[in-house]
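Engineer: pasting the structure only:
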């Protein structure tokens, strides 16, 4: 409906320009939004106020001019009202709203899906946790944000590739190998004192037990320096396999797992540094090599090669992003933890030095999650081992509840995860409330079948019967789904889906509690079946994008 109003305004603008009523060379972008107050109609635009500054005319006069130029050939408008300093408010005819349901039934599982991304490739990199321990709930939130963002982009027609960057180079991997070595020696009866920086969680004990079972005391005769590479390789491989299994249980899969070590094996980092040097973007100060990130808006230059001649993580990250673009992606999206906020400007500097536009990279920050248990926060620290894992959360509340609850806030907002609420089989639990709306409609449809009622093939009967304000509100919510989808994709804000579903489910339950869907009046019953089936289709499509199931019985 929103796009139809935009089209009406575009024609009105063209008509005014043709008549010489508008003279500015450049036509503005037309923005149409839902009104916040139903008393002001269904949609509103500030087009006249934007035109006023260009045309040097009173915005209310321009709004009146546009209103007179509107040609509503489809007959969807009940009225156009000029409000305040020059807003144009549009009211949609009831029959036009009801007729919109035809598209829902015709497109079914394709309803809300789009094509504007067709022909474009996008890579979404997310999770990318170091393979030094199991995934915790902070990683889990990033996994959901990344997975649903990728789902939304695919629904818009983009060719999407999901990637996990394995941070398997650097000092943390050496510490991982040492941690396993010390646990192994401990299990072989040696007294050990763990060095600073070691990983001491129970999972390290399990890995050590596996090594003892497989190799016995074969490693004890070797020096620490000699065993670290093998212990690192074993620990990283086992942990990564566990991460993959947990993600699969969470409904998250990847098209590619990319190893940081490969960037060193094939000299990608070396070639990147040589390219930056050739372009004059690096300089030597002391024993270190610095990248002129300030040339691209960063607040200070950054080290890319340390004094010990080791490349920094930043150097590898630029090389990694160069690799992404070399693979042909039009757009790259990184999902990062909020603690990486200070890293954003330097990475944008890096891709610009490669000759890419800043628009070719989008970074989504995911804020922290606070988990409460018995009213007390649960601390998470990979090195101390005192953390709540993704696996524990899935086992306790289930995949559906976990995924939905991680989407209950904007990704850049702090999230409190209430375990007890997530387990409740009541209306207090958002995912239960939404899934129950779907199951309730399925129950209505089973009862309708028993009575011999059928869902009509078209909207004609519905147009005659559906007149109640709550029915029109429900129809408006259902048919707003494509607009919601378009906005969520363009803003990269997957949380909009849960906000929308909460609203749609509330309207459905309220309607059901006030009105009998099935009655002795067959025509009315079948019209209402047409309506609730529209709701079910949209619930199914939205929940599928969230990776949440749609139970038919609850």
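Structural biologist: Cool, the structure landed. Just so it is clear, the structure is predicted and the values come from calculations on it, not from any experiment. Numbering: from 1, shown residues only.
Engineer: So this structure: which segments form each domain?
Structural biologist: 2-92, 171-249, 426-546 (automatic domain parsing).
Engineer: Distance to residue 104 for these - can I get that in CSV?
Structural biologist: All C-beta atoms are positioned from the backbone trio N, CA, C, and that covers glycine. Converted to CSV, those look like this (distance: least, C-beta to C-beta, whole Å):
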stretch, distance to residue 104
domain 2-92, 15
domain 171-249, 33
domain 426-546, 4
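Engineer: Of those domains, which is nearest residue 150?
Structural biologist: If you check each of those against residue 150 by C-beta to C-beta, domain 426-546 wins as the nearest, at 9.3 Å.
Engineer: so what's residue 324 up against?
Structural biologist: 123, 125, 332 (C-beta atoms under 8 Å, 6 or more residues apart in numbering).
Engineer: no wait, residue 35
Structural biologist: Counting by C-beta under 8 Å, 6+ apart, the residues that residue 35 touches are 41-44, 89.
Engineer: repeat that for 10 Å
Structural biologist: Applying C-beta atoms under 10 Å, 6 or more residues apart in numbering to residue 35 gives the contacts 41-44, 83, 87, 89-91.
Engineer: For it, give its distance to residue 171.
Structural biologist: As judged by C-beta to C-beta, to the nearest Å, residue 35 and residue 171 stand 56 Å apart.
Engineer: if we can go back for a sec, which of the domains of the chain has the highest mean neighbour count?
Structural biologist: Neighbour counts (mean count of other C-beta atoms under 10 Å) averaged over each of the domains of the chain peak at domain 426-546, with a mean of 19.
Engineer: Tell me how far that one lies from the chain's centre.
Structural biologist: Centre-to-centre, domain 426-546 and its host chain are 24 Å apart (C-alpha atoms, centre = their mean, to the nearest Å).
Engineer: about what we covered before: of all the domains of the chain, which lies closest to residue 321?
Structural biologist: When those are ranked by proximity to residue 321 (C-beta to C-beta), domain 426-546 comes first, at 17.8 Å.
Engineer: secondary structure element for residue 107?
Structural biologist: If you go by DSSP states H and E, residue 107 is part of helix 94-107.
Engineer: Give me the sheet partners of whichever helix or strand comes after that helix and which way each runs.
Structural biologist: Next along the chain after helix 94-107, taking DSSP H and E as the criterion, comes strand 121-125. Paired neighbours of strand 121-125 in the sheet (DSSP bridges): strand 159-166 (parallel), strand 331-337 (parallel).
Engineer: what's in contact with strand 121-125?
Structural biologist: With C-beta under 10 Å, 6+ apart, strand 121-125 has contacts from 145-147, 149-154, 156, 158-165, 254-256, 258, 320-321, 324-325, 327-336, 362, 364, 492.
Engineer: Could you pick out the buried ones from those?
Structural biologist: For the contacts of strand 121-125, a burial check counting by 16 or more other C-beta atoms under 10 Å picks out 145-147, 149-154, 156, 158, 160-165, 254, 258, 320-321, 324-325, 329, 331-336, 364, 492.
Engineer: State the distance from residue 532 to residue 298.
Structural biologist: 55 Å.
Engineer: Where does the prediction get shaky in this protein?
Structural biologist: 374-376, 378-386 (pLDDT under 70).
Engineer: tell me the secondary structure for the residue sitting furthest away from the middle of it?
Structural biologist: When distances are taken from the C-alpha mean of the chain, residue 221 lies farthest, 50.6 Å away, according to C-alpha atoms, centre = their mean. Reduced to three states with DSSP: H, G, I helix; E, B strand; the rest coil, the structure at residue 221 is coil.
Engineer: ok, it - contacts?
Structural biologist: residue 227.
Engineer: Helices of the stretch 451-554 of the chain, residue ranges please.
Structural biologist: Taking DSSP state H, counting those that start in this stretch to define them, one finds helices in the stretch 451-554 of the chain at 460-465, 469-479, 481-491, 495-514, 522-546.
Engineer: so which of those comes closest to residue 16?
Structural biologist: Nearest of the helices of the stretch 451-554 of the chain (C-beta to C-beta): helix 481-491, 25.9 Å.
Engineer: tell me what the host helix or strand of residue 62 is packed against?
Structural biologist: Secondary structure assigned from DSSP H and E places residue 62 in helix 59-69. Of the remaining helices and strands, those touching helix 59-69 by 3 or more C-beta pairs under 10 Å, 6 or more residues apart in numbering; DSSP states H and E are helix 2-18, helix 47-55, strand 77-83, strand 87-92.
Engineer: Just give me how far that helix sits from the chain centre.
Structural biologist: For helix 59-69, the distance to the chain centre is 39 Å (C-alpha atoms, centre = their mean).
Engineer: Residues in contact with it: which ones?
Structural biologist: Here helix 59-69 has contacts from 8-9, 11-19, 21-22, 45-55, 57-58, 79-90, using C-beta under 10 Å, 6+ apart.
Engineer: related to what we said a few turns ago, and residue 415, which of the helices of the stretch 451-554 of the chain is closest to it?
Structural biologist: That would be, of these and by C-beta to C-beta, helix 495-514, which comes in at 10.0 Å.
Engineer: Run the angle between that closest one and helix 481-491 for me.
Structural biologist: 160 degrees (axes from the mean of the first three to the mean of the last three C-alpha atoms, to 10 degrees).
Engineer: For the residue nearest the centre of the chain, give its distance to residue 123.
Structural biologist: Nearest to the geometric centre of the chain sits residue 149, at 3.1 Å (C-alpha atoms, centre = their mean). Per C-beta to C-beta, residue 149 is found 12 Å from residue 123.
Engineer: and for the two, which residues touch both?
Structural biologist: What both residue 149 and residue 123 touch, as defined by C-beta under 10 Å, 6+ apart, is the set 160, 162, 333.
Engineer: I'd like those written out as JSON lines, with distance to residue 518 added.
Structural biologist: Below are the shared contacts of residue 149 and residue 123 laid out as JSON lines (distance: C-beta to C-beta, whole Å):
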{"residue": "160", "distance to residue 518": "42"}
{"residue": "162", "distance to residue 518": "43"}
{"residue": "333", "distance to residue 518": "46"}
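Engineer: ok, those vs residue 514, which is closest?
Structural biologist: With C-beta to C-beta as the yardstick, the closest approach to residue 514 among the shared contacts of residue 149 and residue 123 comes from residue 160, at 41.6 Å.
Engineer: how near is that closest one to residue 410?
Structural biologist: From residue 160 over to residue 410 (counting by C-beta to C-beta), the distance is 22 Å.
Engineer: try residue 116
Structural biologist: 23 Å.
Engineer: Of the two, which one has the most company?
Structural biologist: residue 410 (16 against 12; other C-beta atoms under 10 Å).
Engineer: State whether that one and residue 338 are indeed in contact, as I suppose.
Structural biologist: No. Applying C-beta atoms under 10 Å as the test, residue 410 and residue 338 come out as separate, 11.7 Å apart.
Engineer: tell me, what's touching those two both at once?
Structural biologist: With C-beta under 10 Å, 6+ apart, residue 410 and residue 338 have common neighbours 366-367.
Engineer: wait, isn't residue 227 in contact with residue 220?
Structural biologist: Yes. Taking contacts as C-beta under 10 Å, residue 227 lies within contact range of residue 220: 9.2 Å.
Engineer: Common neighbours of the two, please.
Structural biologist: 184-185.
Engineer: rewinding a little: can you state the direction angle for the helix holding residue 62 and strand 77-83?
Structural biologist: 160 degrees.
Engineer: Also compute the angle for helix 59-69 relative to helix 47-55, please.
Structural biologist: Helix 59-69 runs at 120 degrees relative to helix 47-55, counting by the same axes, to 10 degrees.
Engineer: Tell me where the stretch 201-350 of the chain has strands.
Structural biologist: 256-259, 282-285, 288-291, 302-305, 331-337 (DSSP state E, counting those that start in this stretch).
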